[in-house]
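[1] Sequence first, predicted coordinates after that:
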Amino acid sequence: MSLSIKHAPLSDNPEALNLGPYMCVADANLRVISIFDDLKYDRADVDMMSPAMRNHAIARLDPLGFKQVSGTVLKHHASGVCCFIPKVYALGASPFDITRYTPRGEHDFYILTPTQTACQYVDFYSHAEAVERVKALIIRQPINLYKLLDYLERKSKHQEFANAIGHLRFVQREAVTSEPLKRRRALGRMI
């Protein structure tokens with residue numbers, strides 16, 4: 001299996017893959033693919049994969065050899081690599097917990113919303129690196145920063161990240177009013 005993993009479509013240089021303007025390999029180390037569907041968020045929005053986002057992910061990964069084997073799993077049969085779309089198990093669930101109930105193999109990827117991706121950054125990277133990675137993601141894919149703020153825990157790492165939210169809101173405001181995000185339409189409106 002390890003021989004075929006080398007030749008899996010997401011293994012060589014995953015962050016360089018062109019998955020279109022709505023989807024990207026956000027982090028090869030964490031094995032996270034991020035997909036977004038809108039430019040504006042409300043604090044009360046449910047942070048989950050919409051049908052339009054799911055369909056877009058399936059369509060973009062199909063040419064790379066990934067086939068849907070269940071509602072939440074896409075599999076590359078030649079290599080065995082899977083992409084999982086974790087389910088939201090409760091409407092009020094924290095985006096920090098999205099991967100908790102979806103185990104994956106060492107070469108598998110998660111397909112997450114930008115907010116869920118940002119939560120992974122906060123949990124797995126140092127404060128400075130998490131802020132830089134979230135900034136880089138915001139420029140490509142807007143994040144529900146208020147939702148993220150609402151679910152930050154009392155951990156020192158989370159509280160430290162809360163101090164960066166004001167700056168990140170400014171970065172996002174600039175990003176969504178500039179090219180290339182400015183002219184993007186919601187995925188749900190494209191279908």
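    That came through, no problem. Numbers count the residues shown, from 1 in each chain.
[2] so where is this structure shaky, pLDDT-wise?
    1-16, 189-191 (pLDDT under 70).
[3] What ranges does it have for its helices?
    2-5, 51-61, 114-124, 127-140, 145-151, 156-162, 165-176, 187-190 (DSSP state H).
[4] and of these, who's closest to His77?
    Across those, His77 has its closest neighbour in helix 2-5 (9.9 Å, C-beta to C-beta). All C-beta spots, glycine's among them, are computed from the backbone N, C-alpha and C.
[5] Tell me how far stretch 171-184 lies from the chain's centre.
    Between the centre of stretch 171-184 and the centre of its chain there are 18 Å (C-alpha atoms, centre = their mean, to the nearest Å).
[6] Need the contact partners of that stretch.
    Residues external to stretch 171-184 that are found in contact with it (C-beta atoms under 8 Å, 6 or more residues apart in numbering): 21-22, 39-40, 135, 138-140, 142-143, 145.
[7] buried stuff in that stretch?
    171-172, 175-176, 181, 184 (16 or more other C-beta atoms under 10 Å).
[8] returning to that earlier point: need the buried ones from the contacts of stretch 171-184 selected in ChimeraX.
    Of the contacts of stretch 171-184, the buried ones can be selected in ChimeraX as follows, counting by 16+ other C-beta under 10 Å:
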select :22,39,138,139,140,142,143,145
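[9] out of the contacts of stretch 171-184, what pair is the most spread apart?
    Pro21 and Leu145 (20.6 Å).
[10] Could you check how far the residue positioned nearest the centre of the chain is from Ala52?
    Nearest to the geometric centre of the chain sits Ser34, at 2.7 Å (C-alpha atoms, centre = their mean). Applying C-beta to C-beta, to the nearest Å, the value for Ser34 to Ala52 is 15 Å.
[11] and what of Tyr22?
    From Tyr22 to Ala52 the distance is 9 Å (C-beta to C-beta).
[12] and for the two, which residues touch both?
    37, 187.
[13] dump the residue contacts of the residue nearest to the centre of the chain.
    23-24, 26, 111-114, 116-117, 137, 141 are the contacts of Ser34 under C-beta under 8 Å, 6+ apart.
[14] at 10 Å instead, please
    19, 22-27, 110-118, 120, 137, 140-141, 143 (C-beta atoms under 10 Å, 6 or more residues apart in numbering).
[15] Cys24 against Phe109, yeah?
    No: with contact defined as C-beta atoms under 10 Å, Cys24 does not reach Phe109; the gap is 11.8 Å.
[16] higher neighbour count, those two?
    A count of neighbours by other C-beta atoms under 10 Å puts Phe109 above the other of Cys24 and Phe109, at 26 against 23.
[17] which residues touch that one?
    Counting by C-beta under 10 Å, 6+ apart, Phe109 has contacts 8, 10, 14, 25-28, 30-33, 61, 66, 74, 76, 81-84.
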